[in-house]
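In: Got a sequence here, can you build the structure:
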Amino acid sequence: MNPWGPLLLSVRVALIATAISFVLGLLFARLLTRKTVRLSFLWEGLILLPMVFPPTITGYLLLLLLGKRGPVGSLLDQIGIHIVFTWPAAVIASATVSLPLMYQNCKAALLGVNRRYIDAARTLGLSEGRIFRQVIFPLALPGILGGVALAFARALGEFGTTLMIAGNIPGRTQTMPLALYSAVEGGRSAEANMYLLITVVISFALIAVVSVCQKRAAK
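Out: Residues are numbered from 1 along each chain as shown. Okay, here's the model as predicted:
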(Lines give C-alpha, C1' and ligand atoms only; values in the text may rest on other atoms or scores of the structure.)
Protein backbone atom coordinates (compact mmCIF):
# COMPACT_ATOMS: atom_id res chain seq x y z
CA MET A 1 0.00 0.00 0.00
CA ASN A 2 1.60 3.24 -1.15
CA PRO A 3 -0.82 6.18 -1.00
CA TRP A 4 1.83 8.73 -1.95
CA GLY A 5 1.62 8.11 -5.69
CA PRO A 6 -2.13 8.81 -6.01
CA LEU A 7 -1.87 11.60 -3.42
CA LEU A 8 0.94 13.43 -5.21
CA LEU A 9 -0.79 13.01 -8.57
CA SER A 10 -4.07 14.30 -7.12
CA VAL A 11 -2.36 17.35 -5.62
CA ARG A 12 -0.49 18.09 -8.86
CA VAL A 13 -3.65 17.71 -10.95
CA ALA A 14 -5.69 19.80 -8.51
CA LEU A 15 -3.11 22.60 -8.35
CA ILE A 16 -2.83 22.92 -12.12
CA ALA A 17 -6.59 22.63 -12.59
CA THR A 18 -7.18 25.27 -9.90
CA ALA A 19 -4.72 27.63 -11.58
CA ILE A 20 -6.53 27.18 -14.90
CA SER A 21 -9.97 27.66 -13.37
CA PHE A 22 -8.73 30.72 -11.44
CA VAL A 23 -7.52 32.47 -14.58
CA LEU A 24 -10.58 31.55 -16.64
CA GLY A 25 -13.06 32.10 -13.80
CA LEU A 26 -11.71 35.53 -12.95
CA LEU A 27 -11.51 36.50 -16.62
CA PHE A 28 -15.09 35.42 -17.38
CA ALA A 29 -16.40 37.01 -14.18
CA ARG A 30 -14.65 40.28 -15.03
CA LEU A 31 -16.00 40.30 -18.58
CA LEU A 32 -19.57 39.39 -17.64
CA THR A 33 -19.83 41.84 -14.72
CA ARG A 34 -17.97 44.80 -16.20
CA LYS A 35 -20.45 45.61 -18.95
CA THR A 36 -23.40 44.22 -20.85
CA VAL A 37 -22.35 41.31 -23.05
CA ARG A 38 -24.56 40.03 -25.83
CA LEU A 39 -26.04 36.61 -24.99
CA SER A 40 -24.41 36.75 -21.57
CA PHE A 41 -26.94 34.23 -20.24
CA LEU A 42 -25.75 31.77 -22.88
CA TRP A 43 -22.05 32.20 -22.04
CA GLU A 44 -22.78 31.94 -18.34
CA GLY A 45 -24.89 28.85 -18.97
CA LEU A 46 -22.01 27.19 -20.81
CA ILE A 47 -19.66 27.95 -17.92
CA LEU A 48 -22.08 26.52 -15.34
CA LEU A 49 -23.14 23.42 -17.29
CA PRO A 50 -20.51 21.11 -15.74
CA MET A 51 -21.97 21.94 -12.32
CA VAL A 52 -25.41 20.58 -13.24
CA PHE A 53 -24.39 17.81 -15.61
CA PRO A 54 -23.67 14.35 -14.17
CA PRO A 55 -19.87 13.87 -14.12
CA THR A 56 -20.09 10.99 -16.58
CA ILE A 57 -21.93 13.20 -19.08
CA THR A 58 -19.27 15.89 -18.74
CA GLY A 59 -16.57 13.26 -19.18
CA TYR A 60 -18.26 11.83 -22.24
CA LEU A 61 -18.55 15.27 -23.84
CA LEU A 62 -14.85 15.86 -23.22
CA LEU A 63 -14.14 12.43 -24.67
CA LEU A 64 -16.07 13.35 -27.82
CA LEU A 65 -14.16 16.61 -28.03
CA LEU A 66 -10.66 15.36 -27.26
CA GLY A 67 -10.80 11.80 -28.59
CA LYS A 68 -8.93 10.85 -31.75
CA ARG A 69 -12.10 11.34 -33.77
CA GLY A 70 -13.10 14.55 -32.00
CA PRO A 71 -12.66 18.02 -33.51
CA VAL A 72 -9.84 18.95 -31.12
CA GLY A 73 -8.40 15.49 -30.56
CA SER A 74 -8.00 14.80 -34.27
CA LEU A 75 -6.04 18.03 -34.77
CA LEU A 76 -3.79 17.25 -31.82
CA ASP A 77 -3.31 13.70 -33.05
CA GLN A 78 -1.89 15.01 -36.32
CA ILE A 79 0.95 16.68 -34.45
CA GLY A 80 1.54 13.72 -32.17
CA ILE A 81 -0.24 14.97 -29.04
CA HIS A 82 -2.53 12.48 -27.29
CA ILE A 83 -4.65 13.77 -24.42
CA VAL A 84 -7.07 10.96 -23.59
CA PHE A 85 -5.94 8.52 -20.86
CA THR A 86 -3.06 10.71 -19.74
CA TRP A 87 -2.65 12.80 -16.59
CA PRO A 88 -3.20 16.07 -18.54
CA ALA A 89 -6.66 14.66 -19.33
CA ALA A 90 -7.25 14.46 -15.58
CA VAL A 91 -6.23 18.13 -15.34
CA ILE A 92 -8.72 19.07 -18.06
CA ALA A 93 -11.46 17.09 -16.33
CA SER A 94 -10.76 18.69 -12.95
CA ALA A 95 -10.49 22.19 -14.41
CA THR A 96 -13.79 21.76 -16.26
CA VAL A 97 -15.77 20.75 -13.18
CA SER A 98 -14.11 23.28 -10.84
CA LEU A 99 -14.50 26.27 -13.17
CA PRO A 100 -18.19 26.90 -12.28
CA LEU A 101 -17.35 27.22 -8.57
CA MET A 102 -14.46 29.54 -9.30
CA TYR A 103 -16.55 31.66 -11.64
CA GLN A 104 -19.46 32.01 -9.23
CA ASN A 105 -17.22 33.04 -6.34
CA CYS A 106 -15.30 35.52 -8.48
CA LYS A 107 -18.52 36.98 -9.81
CA ALA A 108 -20.02 37.37 -6.33
CA ALA A 109 -16.78 38.88 -5.01
CA LEU A 110 -16.51 41.41 -7.85
CA LEU A 111 -20.17 42.41 -7.56
CA GLY A 112 -19.75 42.81 -3.81
CA VAL A 113 -17.18 45.61 -4.15
CA ASN A 114 -18.68 48.94 -3.11
CA ARG A 115 -19.18 51.08 -6.21
CA ARG A 116 -18.21 54.23 -4.31
CA TYR A 117 -14.58 53.11 -4.21
CA ILE A 118 -14.62 52.50 -7.97
CA ASP A 119 -16.23 55.88 -8.67
CA ALA A 120 -13.73 57.61 -6.38
CA ALA A 121 -10.84 55.96 -8.24
CA ARG A 122 -12.27 57.17 -11.56
CA THR A 123 -12.46 60.74 -10.29
CA LEU A 124 -8.74 60.48 -9.52
CA GLY A 125 -8.06 59.66 -13.16
CA LEU A 126 -7.12 56.00 -12.77
CA SER A 127 -7.52 53.81 -15.84
CA GLU A 128 -9.91 50.89 -15.77
CA GLY A 129 -6.98 48.48 -15.66
CA ARG A 130 -5.43 50.20 -12.64
CA ILE A 131 -8.81 50.41 -10.92
CA PHE A 132 -9.20 46.67 -11.27
CA ARG A 133 -5.66 45.90 -10.09
CA GLN A 134 -5.46 48.41 -7.25
CA VAL A 135 -9.07 48.73 -6.05
CA ILE A 136 -11.44 46.00 -7.19
CA PHE A 137 -9.15 42.98 -6.98
CA PRO A 138 -7.75 43.69 -3.46
CA LEU A 139 -11.26 44.30 -2.09
CA ALA A 140 -12.63 41.17 -3.76
CA LEU A 141 -9.62 39.02 -2.84
CA PRO A 142 -11.10 37.25 0.24
CA GLY A 143 -14.08 36.04 -1.78
CA ILE A 144 -11.84 35.05 -4.67
CA LEU A 145 -9.59 33.06 -2.33
CA GLY A 146 -12.65 31.24 -1.04
CA GLY A 147 -13.41 30.30 -4.64
CA VAL A 148 -9.85 29.07 -5.08
CA ALA A 149 -10.20 26.80 -2.05
CA LEU A 150 -13.54 25.43 -3.26
CA ALA A 151 -12.20 24.90 -6.77
CA PHE A 152 -9.17 23.06 -5.39
CA ALA A 153 -11.39 20.86 -3.24
CA ARG A 154 -13.62 20.07 -6.23
CA ALA A 155 -10.62 19.30 -8.42
CA LEU A 156 -9.04 17.13 -5.73
CA GLY A 157 -12.21 15.07 -5.32
CA GLU A 158 -13.09 14.72 -9.01
CA PHE A 159 -14.01 11.14 -9.95
CA GLY A 160 -16.56 10.54 -12.71
CA THR A 161 -15.28 12.94 -15.35
CA THR A 162 -11.68 11.87 -14.73
CA LEU A 163 -12.61 8.21 -15.02
CA MET A 164 -14.24 8.80 -18.40
CA ILE A 165 -11.48 10.79 -20.06
CA ALA A 166 -8.31 9.79 -18.17
CA GLY A 167 -9.11 6.28 -17.03
CA ASN A 168 -7.92 4.57 -13.86
CA ILE A 169 -4.35 3.63 -14.72
CA PRO A 170 -2.14 3.02 -11.63
CA GLY A 171 0.94 5.20 -11.66
CA ARG A 172 -0.34 7.31 -14.57
CA THR A 173 -3.86 8.61 -14.08
CA GLN A 174 -4.99 7.05 -10.80
CA THR A 175 -5.86 9.92 -8.47
CA MET A 176 -6.95 9.56 -4.84
CA PRO A 177 -10.67 9.09 -5.53
CA LEU A 178 -9.90 6.49 -8.22
CA ALA A 179 -7.43 4.72 -5.94
CA LEU A 180 -10.05 4.61 -3.19
CA TYR A 181 -12.59 3.16 -5.62
CA SER A 182 -10.11 0.50 -6.77
CA ALA A 183 -9.22 -0.40 -3.18
CA VAL A 184 -12.88 -0.83 -2.21
CA GLU A 185 -13.61 -2.80 -5.37
CA GLY A 186 -10.62 -5.07 -4.66
CA GLY A 187 -11.57 -5.63 -1.03
CA ARG A 188 -8.45 -3.87 0.31
CA SER A 189 -10.07 -2.24 3.33
CA ALA A 190 -6.86 -1.01 4.99
CA GLU A 191 -5.79 0.77 1.81
CA ALA A 192 -9.26 2.25 1.33
CA ASN A 193 -9.29 3.52 4.92
CA MET A 194 -5.92 5.18 4.42
CA TYR A 195 -7.16 7.04 1.34
CA LEU A 196 -10.32 7.98 3.22
CA LEU A 197 -8.37 9.38 6.17
CA ILE A 198 -6.11 11.47 3.93
CA THR A 199 -9.11 12.81 2.01
CA VAL A 200 -10.99 13.73 5.18
CA VAL A 201 -8.00 15.59 6.65
CA ILE A 202 -7.47 17.57 3.45
CA SER A 203 -11.19 18.33 3.16
CA PHE A 204 -11.41 19.71 6.71
CA ALA A 205 -8.37 21.89 6.06
CA LEU A 206 -9.99 23.30 2.92
CA ILE A 207 -13.27 23.91 4.77
CA ALA A 208 -11.34 25.90 7.37
CA VAL A 209 -9.71 27.99 4.63
CA VAL A 210 -13.09 28.71 3.01
CA SER A 211 -14.56 29.69 6.38
CA VAL A 212 -11.75 32.14 7.08
CA CYS A 213 -12.06 33.66 3.60
CA GLN A 214 -15.82 34.07 3.97
CA LYS A 215 -15.40 35.84 7.32
CA ARG A 216 -12.85 38.23 5.88
CA ALA A 217 -15.09 38.88 2.87
CA ALA A 218 -18.00 39.66 5.20
CA LYS A 219 -15.89 42.21 7.08
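
In: tell me which helix or strand of the protein sits lowest on mean pLDDT?
Out: In the chain, the helix or strand scored least confidently by mean pLDDT, DSSP states H and E is helix 189-218, which has a mean of 82.

In: which other helices and strands contact that helix?
Out: Other elements packing on helix 189-218 under the criterion 3 or more CB pairs under 8 Å, 6 or more residues apart in numbering; DSSP states H and E are helix 137-156, helix 176-185. C-beta here means a position set from N, CA and C on the backbone, and glycine is covered the same way.

In: residues making contact with the last one?
Out: With contacts defined as CB atoms under 8 Å, 6 or more residues apart in numbering, helix 176-185 is touched by 3, 6-7, 10, 156-159, 162-163, 168, 170, 174, 189, 191-192, 195-196, 198-199.

In: And those, which of them are buried?
Out: Buried members of these, counted by 16 or more other CB atoms under 10 Å: 3, 6-7, 10, 156-159, 162-163, 168, 174, 191-192, 195, 198-199.

In: per-residue confidence for the residue most central in space within the chain?
Out: In the chain, the residue lying closest to the centroid (CA atoms, centre = their mean) is Ser98, at 2.7 Å. On pLDDT, Ser98 comes in at 96.

In: right, and it touches Leu15 too?
Out: No. The criterion here is CB atoms under 8 Å, and Ser98 misses it with Leu15 at 11.3 Å.
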